[in-house]
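S.K.: Build me a model from this:
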Amino acid sequence: MFPLLLLLVPAAHAIVQLPYKPALTQSPRLEGATTASTFVLDQPRCVFDNYSNTDIWLVVALDEAAFNNTSAPGTNETSFQHFPDPVRAYMTLNATLANYPCPKPLRDITVLRVGSETSCVGDNARPTCNGPLPGPGPYRVKFLALQGSKPVAETDWSAPITLRTAKPASSISTTDSRHSAGMIAITTILSILFAILLAGLVAMLVFWRRAKGSITFTPQPGHSALTGCPCAAGEGC
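M.R.: Numbering: from 1, shown residues only. Modelled structure (predicted):
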């Protein structure tokens with residue numbers, strides 16, 4: 001009987017593996033699921049329903065083997081400020097079941113942006129900072145439920161998540177099959193010449209209108225001021 005109890009004790013403290021795999025959001029209303037320093041996940045709605053008295057954490061790691069479930073959040077072993085070297089995984093975005101209601105309410109925000117905080121990047125008092133990710137990765141994430149400091153349930157690891165990288169200016173081609181560099185230069189020159197021609201035409205029209213308005217007719221003696229014709233003898237002009 002005693003050996004049987006010894007076998008049951010580890011099983012009672014085993015972490016429950018939940019059939020959920022975190023993934024980048026596919027919401028059509030949200031653009032930029034990945035940036036150079038952030039990525040957006042769907043919230044784990046209806047995943048931790050049986051763990052109402054736990055804290056739910058997001059684990060961000062460089063690979064699956066980088067995280068040890070015995071590590072507690074907020075310690076040097078899981079500090080964002082020391083990621084990715086020497087810390088290879090950290091815990092962030094602490095939440096409870098109330099933050100992930102099931103079913104999800106309409107018009108509710110149901111995503112998490114990882115890497116969105118900048119104010120706590122260098123603050124060692126905030127080891128669970130959700131700070132910008134330091135490189136393109138790839139990263140893997142999972143959700144972990146802790147009861148006190150003891151892990152009780154966790155999801156699967158996500159697929160590798162790679163962030164966007166900026167292209168160097170030297171790699172951007174100035175030519176392609178539709179717009180060569182020469183065509184762009186010719187188009188620019190023609191646009192400038194057209195602008196100069198248009199400005200000259202407008203200036204000429206303004207000068208002509210002013211010149212026309214300043215011309216007045218001064219009648220000569222013996223001419224009508226109205227018609228400009230000589231007056232007939234005996235007629236009043």
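S.K.: Show the average pLDDT along the longest helix seen in the chain.
M.R.: In terms of residue count, the longest helix belonging to the chain (DSSP state H) is helix 181-214. Rounded to a whole number, the mean pLDDT of helix 181-214 is 82.
S.K.: Kindly report the same for stretch 95-109.
M.R.: Here the average pLDDT along stretch 95-109 is 85.
S.K.: Okay, buried residues for that stretch please.
M.R.: 95, 97, 100 (16 or more other CB atoms under 10 Å). All C-beta spots, glycine's among them, are computed from the backbone N, C-alpha and C.
S.K.: same question, stretch 63-70
M.R.: Buried, per 16+ other CB under 10 Å, within stretch 63-70: 66-67.
S.K.: who touches it?
M.R.: 15, 59, 61, 77, 88-89, 140, 144, 151, 154, 157 (CB atoms under 8 Å, 6 or more residues apart in numbering).
S.K.: and that stretch, what's its mean pLDDT?
M.R.: On average, stretch 63-70 scores 86.
S.K.: per-residue pLDDT, residue 51?
M.R.: pLDDT at residue 51 comes out at 93.
S.K.: Now do the contacts for the closest residue to it other than its chain neighbours.
M.R.: Spatial nearest neighbour of residue 51, excluding adjacent residues (CB to CB, 6 or more residues apart in numbering): residue 145 at 4.7 Å. Residue 145 is in contact with 48, 51, 54-57, 151-154, counting by CB under 8 Å, 6+ apart.
S.K.: what does residue 32 give?
M.R.: By CB under 8 Å, 6+ apart, the contact list for residue 32 reads residue 40.
S.K.: how near is it to residue 202?
M.R.: Distance, residue 32 to residue 202, using CB to CB, to the nearest Å: 45 Å.
S.K.: so residue 58, which of the three states?
M.R.: Following DSSP: H, G, I helix; E, B strand; the rest coil, residue 58 is assigned to strand.
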